[in-house]
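Asker: Quick one, structure for this:
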Amino acid sequence: MKSVSLLAGLAWCFAAFGDDTPSLSHFSYVTEEYPPYNHFDQGSQTGQTIDLLRQLFQHTHTPFDPALIQSYPWLRAYQLALETPNTVLFSTNRTPSREPLFDWVGPIAIDRVALIARREAGITLDTLDEAARAGLRIAAIRGDIGELNLTEAGYPDHLIHRALDSQSALAMLLNERVDLWAYSTSVVDWLAERAGHAPTALEPIHTLSRYPLYFAINRQSDPALVAHFQRALAELHALENPSLVHKDE
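Answerer: Below you'll find the model as predicted:
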């Protein structure tokens, strides 16, 4: 009887406290269409950061459930991560102005953001001020790093044409509704190719920023979960896993 009671007690303890063990499945993950890092292809989640996240789940012996990841327009995903504890936003440029807003796990890549032009337009620039003096219209996604770069640099607001997502911004540029697009060079290359345009159709003409990409985590999240996440990524880096995303695009 004592052994039965002991087993029953252990089972109760496990049920009561088992969920307190840090697990990557205790987070909710929000993202956007940001290929080649994270995007949906024929309904399936894919991309370099998605692959990295799958590796992290595997490394921590955690079943990976795609339903944990939800894709939204960038501004919606960003607001959810700001407001909802235990929410992870990726892939996120870690900038000085964003630094105090999140806990950060990474790095996972280096992201170059530039002014993108149609090659046939023949636009050349040395500074952002030159673009302002010329009255050049620049597309930017609401809340995105491109818009952040422009507003922090004091670019005239009436020359910033805001789009909901990357497809809309790309269409604005290709249809000559704007002169330039402030966006990630690696993402633009991928999007242009998928849209059937030659790699030479668009070109970066002026770099705005070069920041590391991270997983950005709501500041009210469980510290044990955040530490578990960072430790898992550090262990993968220590293994020198060749598929980890940490390169300059």
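Asker: For the helix or strand where F215 lies, which residues meet the burial criterion?
Answerer: Per DSSP states H and E: F215 is located in strand 202-218. Within strand 202-218, the residues scored as buried using 16 or more other Cβ atoms under 10 Å are 202-206, 208-209, 211-218. All C-beta atoms are positioned from the backbone trio N, CA, C, and that covers glycine.
Asker: So S186: helix, strand or coil?
Answerer: Secondary structure, DSSP: H, G, I helix; E, B strand; the rest coil: S186 is helix.
Asker: roughly how far apart are it and P85?
Answerer: Distance of S186 to P85, given as Cβ to Cβ, to the nearest Å: 31 Å.
Asker: helices and strands around the strand holding F215, which ones?
Answerer: Strand 202-218 sits against helix 74-83, strand 87-93, strand 102-118, helix 128-133, helix 145-152, helix 185-194, helix 223-238, with contacts defined as 3 or more Cβ pairs under 8 Å, 6 or more residues apart in numbering; DSSP states H and E.
Asker: Name every strand pairing with that strand and say which way it goes.
Answerer: Looking at strand 202-218 with DSSP bridges, its partner strands are strand 87-93 (antiparallel), strand 102-118 (antiparallel).
Asker: could those strands be laid out in a markdown table, adding mean pLDDT, mean neighbour count and distance to A132?
Answerer: A markdown table is the format used below for those (pLDDT from 0 to 100; neighbours: other Cβ atoms under 10 Å; distance: least, Cβ to Cβ, whole Å):
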| stretch | mean pLDDT | mean neighbour count | distance to A132 |
| --- | --- | --- | --- |
| strand 87-93 | 98 | 25 | 23 |
| strand 102-118 | 96 | 21 | 12 |
